[in-house]
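Visitor: Have a look; sequence and predicted model below, questions after that.
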Amino acid sequence: MDVKKTVDFLTELAANNNRDWFQNNKKAYDAIKDSMLKFLGGIIPEIARFDPEIHSVNPDDCIFRIYRDVRFSNDKSPYKTHIGAFISKTGRKGNSPGYYIHIEPGQSFLAGGLYMPPPELLKAVRDEIYFNTGEFKAIISQPEFLDYFGKLDDFDKLSRPPKGYAADWPDIDLLKYKSYVVTHNLTEERLFAADFMDHSLRVFRTLLPLNNFLQKARNNSE
């Protein structure tokens, strides 16, 4: 992937977020989309070496559309100012844990886990944590995990314990998340480095135990 060209295009798009500009620069967008798809075509088989769940996923099923859904938003800008892809056994859909790549000027990151699962799956994840607390805490306290991610993202978290669980349970805070997601922020130096794919694979390999734990909960909910 030509990351520098991708970032340059997205920077221009952010300054000219309108249909006329986009249509005049559609070939440039098609080129960065193709570049991202080639990157996905290269990284998916490498991830499958340590996570066989995603061995057959198609890059086209992972990449997100550039077009924004503005129906319920005050911001009517028609295009996203980032390009992203979620790699899981069901691609970007299907509520499977996976690996996310987000390229955006000044705000690029790698992430993964399970984002905003439906209620029955969220309940299954909470039960899995409740009954296997030691295993879960061991995963999120590994030194390499902490180095890359720090902690679970708490952007959307309950202020009170979820229904069905005792408020005085010692690890109740672990059940308050609505998403079980972690993020690794990328500097431009890291993003533009020749070993960006290798770095991404190291980050995603570190994420694997969390995804395996979440997948086990998903399997139990089916």
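Guide: Thanks, I have it.
Visitor: Tell me where the chain has helices.
Guide: Using DSSP state H, the helices assigned to the chain run over residues 3-15, 19-24, 26-50, 119-131, 133-140, 143-149, 188-192, 196-221.
Visitor: Show residues contacting the first one.
Guide: Yep, that's helix 3-15 we're talking about. With contacts defined as C-beta atoms under 8 Å, 6 or more residues apart in numbering, helix 3-15 is touched by 21-22, 25, 28-29, 31-32, 35-36, 79, 81-83, 103-105, 108, 188, 191-192, 196. Where you see a C-beta, it was placed from the backbone N, CA and C, and this is true even at glycine.
Visitor: For it, list the C-alpha coordinates in PDB.
Guide: Written as PDB, here are the backbone C-alpha positions of helix 3-15 (Å, rounded to 0.1, in the frame of the first residue of the first chain):
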ATOM      1  CA  VAL A   3       0.400   4.900   2.500                       C
ATOM      2  CA  LYS A   4       1.900   8.400   1.700                       C
ATOM      3  CA  LYS A   5      -0.400   8.800  -1.300                       C
ATOM      4  CA  THR A   6      -3.300   7.600   0.700                       C
ATOM      5  CA  VAL A   7      -2.700  10.100   3.400                       C
ATOM      6  CA  ASP A   8      -2.200  12.900   0.900                       C
ATOM      7  CA  PHE A   9      -5.400  12.100  -0.800                       C
ATOM      8  CA  LEU A  10      -7.400  12.000   2.400                       C
ATOM      9  CA  THR A  11      -5.900  15.300   3.500                       C
ATOM     10  CA  GLU A  12      -7.100  16.900   0.300                       C
ATOM     11  CA  LEU A  13     -10.500  15.200   0.700                       C
ATOM     12  CA  ALA A  14     -10.800  16.700   4.200                       C
ATOM     13  CA  ALA A  15     -10.300  20.100   2.800                       C
END
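Visitor: Which positions in that helix come out as buried?
Guide: Buried positions in helix 3-15, judged by neighbour count with 16 or more other C-beta atoms under 10 Å: 3, 6-7, 9-10, 13-14.
Visitor: And the longest one, by the same measure?
Guide: Of all the residues in helix 196-221, those buried under the rule 16+ other C-beta under 10 Å are 196, 199-201, 203-211, 213-218, 221.
Visitor: Kindly report the same for the third one.
Guide: By neighbour count, with 16+ other C-beta under 10 Å as the criterion, the buried positions of helix 26-50 are 29, 32-33, 35-37, 39-40, 43-44, 47-48.
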